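Chemist: Pasting the sequence and the predicted coordinates here, then a few questions.
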2 protein chains.
Amino acid sequence: MKYFEDLQCGAREDFGSHTFTADEIKAYARRFDPQPFHLDEVAAAATHFGVLTASGWHTVALWTRHFIDHWRRAQEARGEPPAEAGPSPGIRDLRWPRPVHAGDTLAFALEIVELREMAKRPGWGLMVGQASATNQRGELVMTFRAAKFVRKRVPVGP
Amino acid sequence: MKYFEDLQCGAREDFGSHTFTADEIKAYARRFDPQPFHLDEVAAAATHFGVLTASGWHTVALWTRHFIDHWRRAQEARGEPPAEAGPSPGIRDLRWPRPVHAGDTLAFALEIVELREMAKRPGWGLMVGQASATNQRGELVMTFRAAKFVRKRVPVGP
C-alpha cells in the first residue's frame, strides 16, 4: 500500500484488467454462490439471464485482488517496505448495473473521493474511494464506495 | 429460493453456521485478498490485527453460500421446483465491526425489512433484507443491507 501522504483527492488508480473464463465463473459459484445462472450454461439458459453469468461477488473479489496487487507494486517501485493497510470500516452502495459473462474483460479502478485525518487514530488517515469495474465495451458492471484506513508515513532518521 | 408470496416482513431466516479454519482463511486470501494479516500468522503478528484474520470478503462469500443453500433447502422441503432467484440491484452499508479469526464460528442470518411490488417487473417482487454474521460470543462481525428480486409464484392449472 502507499502511505496516506501519497494519496491525492480526485486521483484515479487503474489496477489492470482480467478476462473471465467460463471455468472460473463456475468454480467461484460452486464454492460461494451456487445459483443456476452462475453454475452451468444449460441451466442458465432457462433463467432471466439466459447465459452463464459471473456472481457479482466474484467481480468484487477480483477487484479486491487487483487493488491489493496494484498498491503493492506501487510501493515496490518506490523501493519502500510494505506499508500496512488498515481495516475497512465499510462499503456503501455496491451495485452491479450489468451482468458479466464468460469472455468479458473487466478493467478495475479506484477514484479517491475523500481523504480525512483521524483525530482518534494517530498514525492513520481515512481514504474513501469510488471503486469500479468496466467491461470491454466501456460499460460499468460494478461500482461501490469503499473506506479504508491507510498508514501515515513514519518519519525515519533525524 | 422461496417465492415472493412466501416472504413476510420482519421474518428472520437463520441459515446455519460455519467455523473458519486457518487453512481456508489463507486459501481465500491467496486467491482474492493477499494482505499480510490474511495470509500468514507470523506476518499478521506485525500488523494492527496481531493475529491471522479472515478477509471481510471471505465472510460475505460464506454468508452468500449459506443463504443460497438455505433457500434451496426450504424449497426442496416444500416439494416445489427451484424458483428462480433474480439479480440483486445492490448492497448498502456493508460493515465489518469486528475481526474474524481462525476457530471462530459464525452464524449467518437475514431479516426481511421490506417487500415491494414491482410495477415495471411483472412476475417479480423486491425483497430488502438486513444480513448478519454473528460469532460464538454473540458479537456481530458483519452486516449489510441487501436487495434482491424474487419470483412470484406462477399459478399452475385451473
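Modeler: Sure, I can see it.
Chemist: wait, what's in contact with A:Ile112?
Modeler: Residues counted as contacts of A:Ile112 (Cβ atoms under 8 Å, 6 or more residues apart in numbering or on different chains) are A:Leu7, A:Gln8, A:Cys9, A:Gly10, A:Ala11, A:Arg12, A:Glu13, A:Met127, A:Val128, A:Gly129. Every residue, glycine included, has its C-beta placed from N, CA and C.
Chemist: Let's have those residues in a markdown table, adding neighbour count.
Modeler: Converted to a markdown table, these look like this (neighbours: other Cβ atoms under 10 Å in any protein chain shown):
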| residue | neighbour count |
| --- | --- |
| A:Leu7 | 16 |
| A:Gln8 | 9 |
| A:Cys9 | 13 |
| A:Gly10 | 8 |
| A:Ala11 | 13 |
| A:Arg12 | 12 |
| A:Glu13 | 16 |
| A:Met127 | 24 |
| A:Val128 | 16 |
| A:Gly129 | 23 |
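Chemist: Surely A:Ala147 is within a strand?
Modeler: Yes. Counting by DSSP: H, G, I helix; E, B strand; the rest coil, A:Ala147 is found in a strand.
Chemist: All the strands of chain A, residue numbers only.
Modeler: A:12-19, A:90-95, A:105-117, A:124-134, A:140-151 (DSSP state E).
Chemist: will you turn these into TSV that also has mean pLDDT?
Modeler: TSV is the format used below for those (pLDDT from 0 to 100):
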stretch	mean pLDDT
strand A:12-19	95
strand A:90-95	94
strand A:105-117	96
strand A:124-134	95
strand A:140-151	93
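Chemist: okay but A:Pro36 is in contact with A:Ala44, surely?
Modeler: Yes. Contact status for A:Pro36 versus A:Ala44: in contact at 6.3 Å, counting by Cβ atoms under 8 Å.
Chemist: Test my guess that A:Pro99 contacts A:Thr47.
Modeler: No. Counting by Cβ under 8 Å, A:Pro99 sits too far from A:Thr47 to count as a contact (11.0 Å).
Chemist: Flag every residue of chain A that's near chain B.
Modeler: Applying Cβ under 8 Å from any Cβ of the partner chain, one finds that chain A approaches chain B through A:31-36, A:46-49, A:55-57, A:60-62, A:64-65, A:68-69, A:82, A:84-96, A:99, A:144.
Chemist: Separate out the buried members of those.
Modeler: The neighbour count (16 or more other Cβ atoms under 10 Å in any protein chain shown) marks A:32-36, A:47-49, A:55-57, A:60-62, A:64-65, A:68, A:84-88, A:90-92, A:94-96, A:99, A:144 as buried among the residues of chain A next to chain B.
Chemist: sorry, back to before: in a markdown table: the strands of chain A, plus distance to B:Lys2.
Modeler: Supplementary listing: the strands of chain A in a markdown table, determined by distance: least, Cβ to Cβ, whole Å:
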| stretch | distance to B:Lys2 |
| --- | --- |
| strand A:12-19 | 34 |
| strand A:90-95 | 24 |
| strand A:105-117 | 32 |
| strand A:124-134 | 30 |
| strand A:140-151 | 27 |
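Chemist: And those strands: which comes nearest B:Leu140?
Modeler: Closest approach to B:Leu140 among the strands of chain A (Cβ to Cβ): strand A:90-95, 12.6 Å.
Chemist: so how far is the closest one off the chain centroid?
Modeler: Relative to the centre of its chain, strand A:90-95 is centred 11 Å away, using Cα atoms, centre = their mean, to the nearest Å.
Chemist: export the lengthiest helix in chain A as CSV, just CAs?
Modeler: Using DSSP state H, we find that the single longest helix of chain A is helix A:56-77. Presented in CSV, the C-alpha positions along helix A:56-77 are these (Å, rounded to 0.1, in the frame of the first residue of the first chain):
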residue,chain,number,x,y,z
GLY,A,56,-21.4,-10.3,-8.6
TRP,A,57,-19.3,-11.3,-5.5
HIS,A,58,-16.8,-12.8,-7.9
THR,A,59,-16.3,-9.5,-9.6
VAL,A,60,-15.9,-7.8,-6.2
ALA,A,61,-13.3,-10.4,-5.2
LEU,A,62,-11.3,-9.9,-8.3
TRP,A,63,-11.5,-6.1,-7.9
THR,A,64,-10.0,-6.5,-4.4
ARG,A,65,-7.2,-8.8,-5.7
HIS,A,66,-6.2,-6.3,-8.3
PHE,A,67,-6.4,-3.4,-5.8
ILE,A,68,-4.0,-5.2,-3.4
ASP,A,69,-1.6,-6.2,-6.1
HIS,A,70,-1.6,-2.7,-7.7
TRP,A,71,-0.8,-0.9,-4.4
ARG,A,72,1.9,-3.4,-3.5
ARG,A,73,3.5,-2.9,-6.9
ALA,A,74,3.4,0.9,-6.5
GLN,A,75,5.2,0.6,-3.2
GLU,A,76,7.8,-1.9,-4.5
ALA,A,77,8.5,0.5,-7.4
